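# Structure here, sequence nowhere to be found:
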């Protein structure tokens, strides 16, 4: 049981298969980043390029544990990137996610200079001094939190006990269970693995359905936990965005993300 | 000659056609937002839903004036959204852009309350008091600026005369020529119609190739020019992001955008 094995894909050409494993879910629905990571891995393996660069996922139906089919469609093989799509369908043919992405080799650009870094990793108490998150505030389920190790800034963590901070902000450490290394595909998961920022806004807790999410990977992370910051500025017209910035243990920007989600309705 | 007529599409089912019209280009390459808008219009017309909600475009080859084919692929018709893809190919079959998007009806959600608006339209001198942008700083071409009316904040407009502000920020009014109304598809264009923010950073002017761009539309704009703010925080690893926030004349958030682009190389 690891992220690597639980996102494994098999296949060739345009047709790939994977399993949505039990335990990566909230309320029985597989985490959106986990599902996107499976699709990204299928694409990267199909096209023979190691790193997802920009991954856009539209969420069409909940991902339930079980086998899924992945249809990979290559639109362009370029010098730097291969671009195309992945459709993930459940065993009964229902589309679960539709992905548009490109893949490349981030090792080729890691040494390019940083011209502008107009932000810094969020200030967090040391990883070792914070308690791992134990259970999900909506359903109380501990399962996902056996797969990952999320340690939220104390100022942002009160929503589970009915004390939202009032700021739509979640700052957190992110690691995989057993300190499994995080690669570029792992960042696609990490970008959607935190409790929603809106849990800290003045809205009722509830399911926050992601409509679309794009994760842009800049660099493969150095070993160690990530420092992540997620913010929401606009909850309007029934929609909200959630923006993520992910930093590695060396203080380098490794990914940015944005998701468009529906304003949560109270869970019943 | 209008945005509406120059983004018109014809077709039925999965097969649509359009023309990349002359004059929407910089250096002979059609503006990326213009090309994405044509694809978004094809999708909206094909699926019979008026508004693009989230539009992700991967740029694969320059859009040259001439006829293009648009293949529309529907993945899911849901209650609120229809989701699918559009491949735009030039007459010789070269893929120009690959789009993943959904479409819906924003009139249905316009009355939902604003729960959080943690930003404000950028402060701009009155539209009437600013000069329209006349020509492009890289190629001196005036053609695109006959189609649209971009009036940049004076503090952000000096890059054309060799005086970049030093901040990767562009605040600007946006209108279409002849005060043509801006609909949700027009926002997809507007989100990519400004000079790049990096022209105000300490980098040489040059072509800034967009890899991927996602525009999320929240609301159909009220009549009048838009107020837009584009920022870049990270120029690292050979990539940069550009984030846009678009506001209508009534002060409502109408769209957000993010593009991933390659760090410009000096033009020769």
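All right, it came through fine. As the structure is a computational prediction, the values presented were derived from the model and not from experiment.
# who in the stretch 151-268 of chain A is up against chain B?
Proximity of the stretch 151-268 of chain A to chain B, by Cβ under 8 Å from any Cβ of the partner chain, involves residues A:168, A:201-203, A:211-212, A:214, A:216, A:218-219, A:232-241, A:252-253, A:256, A:258, A:260, A:263. (Glycine included, C-beta is placed from N, CA and C.)
# Please convert the buried members of the residues you listed into ChimeraX selection syntax.
Entered in ChimeraX, the line below selects the buried ones among these, by 16 or more other Cβ atoms under 10 Å in any protein chain shown:
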select /A:168,201,203,211,212,214,216,218,219,232,233,234,235,236,237,238,239,240,241,252,253,256,258,260,263
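# Strands - which of the residues of the stretch 151-268 of chain A next to chain B land there?
A:211-212, A:214, A:216, A:234-236, A:239-241, A:253, A:256, A:258, A:260 (DSSP state E).
# farthest-separated two in those residues?
By the measure Cβ to Cβ, A:236 and A:253 form the most distant pair in these, at 27.9 Å.
# By mean pLDDT, flag the weakest helix or strand of chain A.
strand A:265-266 (a mean of 66; mean pLDDT, DSSP states H and E).
# can you pull the buried residues of the longest strand seen in chain A?
For chain A, the strand with the greatest residue count under DSSP E is strand A:66-77. Residues of strand A:66-77 classed as buried by neighbour count (16+ other Cβ under 10 Å): A:68, A:69, A:70, A:71, A:72, A:73, A:75, A:76.
# the helices in the stretch 1-150 of chain A, which residues?
Secondary structure of the stretch 1-150 of chain A (DSSP state H, counting those that start in this stretch): helices located at A:3-6, A:32-47, A:144-147.
# Please identify the deepest-packed of those helices.
Ranked by mean neighbour count under mean count of other Cβ atoms under 10 Å in any protein chain shown, the helices of the stretch 1-150 of chain A are led by helix A:32-47, which reaches a mean of 26.
# other SSEs contacting that one?
When contacts are defined as 3 or more Cβ pairs under 8 Å, 6 or more residues apart in numbering or on different chains; DSSP states H and E, helix A:32-47 packs onto strand A:9-12, strand A:15-20, strand A:51-59, strand A:66-77, strand A:82-90, strand A:95-104, helix A:184-190, strand A:210-217.
# export these to JSON lines and tack on mean pLDDT and distance to residue B:4?
Shown next, in JSON lines, are the helices and strands packed on helix A:32-47 (pLDDT from 0 to 100; distance: least, Cβ to Cβ, whole Å):
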{"stretch": "strand A:9-12", "mean pLDDT": "98", "distance to residue B:4": "44"}
{"stretch": "strand A:15-20", "mean pLDDT": "98", "distance to residue B:4": "42"}
{"stretch": "strand A:51-59", "mean pLDDT": "98", "distance to residue B:4": "27"}
{"stretch": "strand A:66-77", "mean pLDDT": "98", "distance to residue B:4": "28"}
{"stretch": "strand A:82-90", "mean pLDDT": "98", "distance to residue B:4": "29"}
{"stretch": "strand A:95-104", "mean pLDDT": "98", "distance to residue B:4": "27"}
{"stretch": "helix A:184-190", "mean pLDDT": "98", "distance to residue B:4": "38"}
{"stretch": "strand A:210-217", "mean pLDDT": "98", "distance to residue B:4": "26"}
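# Of these, which stretch is the most buried?
helix A:184-190 (a mean of 28).
# quick one: strands adjacent to the next helix or strand after it?
Once helix A:184-190 ends, the next helix or strand along the chain (criterion: DSSP states H and E) is strand A:206-207. Strand pairing for strand A:206-207, determined by DSSP bridges: strand A:265-266 (antiparallel).
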